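Asker: Sequence first, predicted model second:
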Amino acid sequence: MDPTREPDGGAICRLERELIVRDFLATFNAAPRDAEGTASIAAFLHPDVVYRPSLCHGAVGRDAVARVCEQVRCAFETFVIEVESLLVGEGVILVEHAMRIGLIGVPVQNLMGFSSFQISGELISEWHQVHV
């Protein structure tokens, strides 16, 4: 059977979706905490992206989600998302992650979490996040 003719696009499409999410998280971690860094994060987001976190209100739209990312990244001295495991299913990428979070003068804490991503074209169209 031709893997590119599978219902979800096959192994190559699953790998591409996985790499989009991994690249997004790597950019989220490494981008400078300024307008240029926020723009590099926004480049991964669909214009109508929906972000639903468990600990605060969500956001809809590329600009709004990019602002939330910027606010979170700037609120902490350390904020790093580390992928623990990742699964690519039909239309969804599931990520178990550890977030290393630190404030000035406070030891870095680990917060476990789980995210799901949906990709539309080559952009993230939905991002749901749950913290444990």
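Answerer: Ah, there it is.
Asker: tally of neighbours for residue 107?
Answerer: Residue 107 has 7 neighbours, counted by other Cβ atoms under 10 Å. To be clear about C-beta, it is placed using only N, CA and C from the backbone, and glycine gets the same treatment.
Asker: Which positions in the host helix or strand of residue 39 come out as buried?
Answerer: Applying DSSP states H and E as the criterion places residue 39 in helix 35-42. Buried residues in helix 35-42, counted by 16 or more other Cβ atoms under 10 Å: 37-38, 40-42.
Asker: pLDDT (mean, whole number) over whichever helix or strand comes after that helix?
Answerer: As assigned by DSSP H and E, the chain's next helix or strand after helix 35-42 is strand 45-53. Averaging pLDDT along strand 45-53 gives 97.
Asker: Scan this protein for its longest helix.
Answerer: helix 10-30 (DSSP state H).
Asker: Just the buried residues of that one, please?
Answerer: Applying 16+ other Cβ under 10 Å to helix 10-30 flags 14, 17-18, 20-21, 24-25, 27-28 as buried.
Asker: List the neighbours of it that are in contact with it.
Answerer: Contacts with helix 10-30, where a contact means Cβ atoms under 8 Å, 6 or more residues apart in numbering, come from 2-4, 8, 40-41, 43-44, 69, 73, 80-81, 83, 86, 88, 93, 95, 97, 117, 119, 122-124.
Asker: got the CA coordinates for that helix in CSV?
Answerer: Coordinates of each C-alpha in helix 10-30 appear next as CSV, following Å, rounded to 0.1, in the frame of the first residue of the first chain:
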residue,chain,number,x,y,z
GLY,A,10,0.8,8.7,5.4
ALA,A,11,4.1,8.5,7.2
ILE,A,12,5.7,11.4,5.5
CYS,A,13,2.8,13.7,6.4
ARG,A,14,2.8,12.5,10.0
LEU,A,15,6.6,13.2,10.2
GLU,A,16,6.1,16.7,8.7
ARG,A,17,3.4,17.5,11.4
GLU,A,18,5.7,16.2,14.1
LEU,A,19,8.5,18.4,12.9
ILE,A,20,6.3,21.4,12.8
VAL,A,21,5.4,21.0,16.5
ARG,A,22,9.0,20.2,17.5
ASP,A,23,10.3,23.2,15.6
PHE,A,24,7.5,25.4,17.1
LEU,A,25,8.5,24.3,20.7
ALA,A,26,12.2,24.8,19.9
THR,A,27,11.5,28.3,18.6
PHE,A,28,9.3,29.0,21.7
ASN,A,29,12.2,28.1,23.9
ALA,A,30,15.0,29.8,22.0
